[in-house]
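**Student:** What follows is a protein structure lacking sequence information:
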């Protein structure tokens, strides 16, 4: 009995060691969890864009406004970069428009000389569950240092959004990737292992049509998964879709993201002949993309070198667009750049998927 167990152990362990790629990926995954997750979640948030303005017509700047704006713009965090990037506005309406478009995270309205109300109004982007508290704390600290007793009135412009709602939007993108990873890529490799796609070489169907059909099928599966998680988000987290137009816009974003992610996974699957190698590589890719998408934690809290990954990360644009529609009720005028980035990525990945898969049939 012991001899048999030793023999089986020896065989399986030798098989593991015989594939250096899997060994490397096995060691790389924990390291990447440490590096990526450790820096992407819970980092020090800095350079939060904030607008400051005086209420009413453009009166002469009051000492409170001048001193508070200067102090807010020079809050230090020990060895970390400054907390806020303050921009002075002369028009309260323009400042609020910038907040609605996501150009700033908060608007602080100070009373002017002719104001009858001494309140300081703080309008914050409440779709981000972390930065509003930092901005409020910074403002209260500055007012205390200036011995100003003006009360602060806080307005969460998108209502009281909970973290589960913030995170739930990101899970939609994870569902798309996971569905494609297991339902599309692994199925493709299984077909290759079973020799099924060898028959494609003698079929009258063109090779481009074959891969287009595979990507289309994977896209539909991913779309169903993303749509299902979207509905579950609504039921569990209490997210409310404001209009039919917003609902349709969510569907468009999910569909475009599905095309891109499916094409990416197919192009990867075309390069692997074993499920172990494919699974370890795509799991590694999923970790990097999801952790840097802003699904867990605001991208503004990541170190500079990690933020560069978000620039080329399609999941970031998908999460940002969905969060803009679902949590903020924003339209194409705001999420347009996210959609353009997703469409460019999806088009490039679709072409890459076709070219890569065609080569495997030659």
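**Tutor:** Received, thanks. Just so it is clear, the model here is predicted, and its values are computed rather than measured.

**Student:** make it CA atoms for all contacts and neighbour counts henceforth
**Tutor:** Will do.

**Student:** Just checking, which helix or strand succeeds the helix or strand harbouring residue 310 along the chain?
**Tutor:** Assigned by DSSP states H and E, residue 310 falls within helix 304-311. Per DSSP H and E, the first helix or strand lying C-terminal to helix 304-311 is helix 314-326.

**Student:** Show me what that following helix is packed up against.
**Tutor:** Counting by 3 or more C-alpha pairs under 8 Å, 6 or more residues apart in numbering; DSSP states H and E, the packing neighbours recorded for helix 314-326 are helix 163-180, helix 244-269, helix 275-291, helix 332-360.

**Student:** What residues of the first one count as buried?
**Tutor:** Think helix 163-180. 164-180 (16 or more other C-alpha atoms under 10 Å).

**Student:** buried sites along the longest strand along the chain?
**Tutor:** Looking across the chain with DSSP state E, the single longest strand is strand 48-54. For strand 48-54, the neighbour count (16+ other C-alpha under 10 Å) marks 48-54 as buried.

**Student:** Let me know how buried residue 231 is, in neighbour terms.
**Tutor:** Applying other C-alpha atoms under 10 Å, we find 12 residues neighbouring residue 231.

**Student:** Report the separation between it and residue 250.
**Tutor:** 11 Å (C-alpha to C-alpha, to the nearest Å).

**Student:** Ok, residue 101 next?
**Tutor:** Distance of residue 101 to residue 250, computed by C-alpha to C-alpha: 18 Å.

**Student:** who's more crowded, those two?
**Tutor:** Taking other C-alpha under 10 Å, residue 101 and residue 250 do not tie; residue 250 has more neighbours (21 against 16).

**Student:** Quick check, that one in contact with residue 324.
**Tutor:** No: with contacts counted by C-alpha atoms under 8 Å, residue 250 stays clear of residue 324, the gap being 9.8 Å.

**Student:** Assign residue 102 to helix, strand or coil.
**Tutor:** What DSSP: H, G, I helix; E, B strand; the rest coil gives for residue 102 is coil.

**Student:** Just give me the neighbour total for it.
**Tutor:** Counted with other C-alpha under 10 Å, the neighbours of residue 102 add up to 17.

**Student:** And the pLDDT for it?
**Tutor:** You'll see residue 102 listed with a pLDDT of 89.

**Student:** likewise residue 225?
**Tutor:** At residue 225, the model reports a pLDDT of 88.

**Student:** residue contacts, it?
**Tutor:** Listed by C-alpha atoms under 8 Å, 6 or more residues apart in numbering, the contact set of residue 225 reads 175-176, 179.

**Student:** relative to helix 332-360, how tilted is the helix of greatest length in the chain?
**Tutor:** The helix spanning the most residues in the chain, taking DSSP state H as the definition, is helix 207-237. Between helix 207-237 and helix 332-360, the angle comes out at 140 degrees (axes from the mean of the first three to the mean of the last three C-alpha atoms, to 10 degrees).

**Student:** which of the residues in helix 207-237 are buried?
**Tutor:** Within helix 207-237, judged by 16+ other C-alpha under 10 Å, the buried ones are 207, 210-212, 214-227, 229-230, 233-234, 237.

**Student:** again, but for stretch 252-263
**Tutor:** Buried-residue list, stretch 252-263, by 16+ other C-alpha under 10 Å: 253-263.

**Student:** Quickly name whichever of those is closest to residue 271.
**Tutor:** Set against residue 271, the nearest of the buried residues of stretch 252-263 by C-alpha to C-alpha is residue 263 (13.0 Å).

**Student:** tell me the pLDDT at residue 110?
**Tutor:** Note on residue 110: pLDDT of 93.

**Student:** start at 422 instead
**Tutor:** Let's use 422 as the start, then, which means that last one is residue 531.

**Student:** Tell me the spacing between it and residue 482.
**Tutor:** Distance, residue 531 to residue 482, using C-alpha to C-alpha: 10 Å.

**Student:** Repeat that for residue 584.
**Tutor:** From residue 584 to residue 482 the distance is 38 Å (C-alpha to C-alpha).

**Student:** Can you list the low-confidence ranges for the stretch 472-621 of the chain?
**Tutor:** The model of the stretch 472-621 of the chain has pLDDT under 70 over residues 479-480, 498-501, 535-537, 603-621.

**Student:** And the strands in it, which stretches?
**Tutor:** Taking DSSP state E, counting those that start in this stretch to define them, one finds strands in the stretch 472-621 of the chain at 505-509, 527-531, 541-545, 573-577.

**Student:** Residue 727: which of the ones you listed is closest?
**Tutor:** Taking those one by one with C-alpha to C-alpha, strand 505-509 is closest: 19.7 Å.

**Student:** Show me what the closest one is packed against.
**Tutor:** Counting by 3+ C-alpha pairs under 8 Å, 6+ apart, strand 505-509 packs on strand 469-475, helix 484-493.

**Student:** So what touches the longest one?
**Tutor:** Judged by C-alpha under 8 Å, 6+ apart, the contacts made with helix 484-493 from elsewhere in the structure are 473-475, 505, 507, 509, 531, 559-560, 563-564, 567, 569.

**Student:** Could you figure out how far that helix is turned away from strand 527-531?
**Tutor:** Going by the same axes, to 10 degrees, helix 484-493 makes 150 degrees with strand 527-531.

**Student:** in helix 484-493, what's buried?
**Tutor:** Applying 16+ other C-alpha under 10 Å to helix 484-493 flags 485-486, 489-490, 492-493 as buried.
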